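In: Quick one, what's the 3D model for this:
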Amino acid sequence: EEIKKAILLMLLGGVHKEAKKEGGGDGTKLRGDINCCLVGDPSTAKSNFLKYVCSILPRAVFSSGKASTAAGLTATVSKDEETGEFCIEAGALMLAD
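Out: Down below sits the predicted model:
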């Protein structure tokens, strides 16, 4: 049940805030996006929950420990469908930030 609540909060997102200059802040914008990292015992459907979220949200990025490399988390090489050329795109960690 806690995993379902965490995923629901991630889907709904947070509130974007800005540090007010009057209160001693510098006007820095703070993200309201919620990122989710599930860690737990094997065979507890962690991947299934996140794969479902990726199927309904176009901006969601799923990466698992088995299929990821350090380089792949920061950048990926993909083939452009229109031109057929290879290009470098941001990886899962860059998109999460």
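In: what's the span of stretch 26-36, first residue to last?
Out: 28 Å (C-alpha to C-alpha, to the nearest Å).
In: nope, stretch 1-21 is what I meant
Out: End-to-end distance (C-alpha to C-alpha), stretch 1-21: 40 Å.
In: Now that stretch: buried residues?
Out: Going by neighbour count (16 or more other C-beta atoms under 10 Å), the buried part of stretch 1-21 is 7, 10. From N, CA and C alone the C-beta is placed, and that goes for glycine too.
In: Need the contact partners of that stretch.
Out: Outside stretch 1-21, the residues within contact range by C-beta atoms under 8 Å, 6 or more residues apart in numbering are 25-36, 38, 46, 49-50, 53, 57.
In: among those residues, which ones are buried?
Out: 46, 49-50, 53.
In: Kindly reformat these as TSV containing distance to Leu11, secondary structure and pLDDT.
Out: Output for the buried ones among the contacts of stretch 1-21, formatted as TSV (distance: C-beta to C-beta, whole Å; DSSP: H, G, I helix; E, B strand; the rest coil; pLDDT from 0 to 100):
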residue	distance to Leu11	secondary structure	pLDDT
Lys46	16	helix	78
Phe49	11	helix	81
Leu50	11	helix	78
Val53	7	helix	80
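In: circling back to that earlier point, mind checking which of the contacts of stretch 1-21 are in helices?
Out: Among the contacts of stretch 1-21, DSSP state H puts 46, 49-50, 53 in helices.
In: mind checking how far the closest residue to Gly32 other than its chain neighbours is from Ala75?
Out: Leaving aside its sequence neighbours, Gly32 sits nearest to Gly14 (C-beta to C-beta, 6 or more residues apart in numbering; 3.4 Å). As for Gly14, its distance to Ala75 is 27 Å (criterion: C-beta to C-beta, to the nearest Å).
In: Please, where are all the helices along the protein?
Out: Using DSSP H, helices in the chain cover 2-12, 46-56, 70-74, 92-96.
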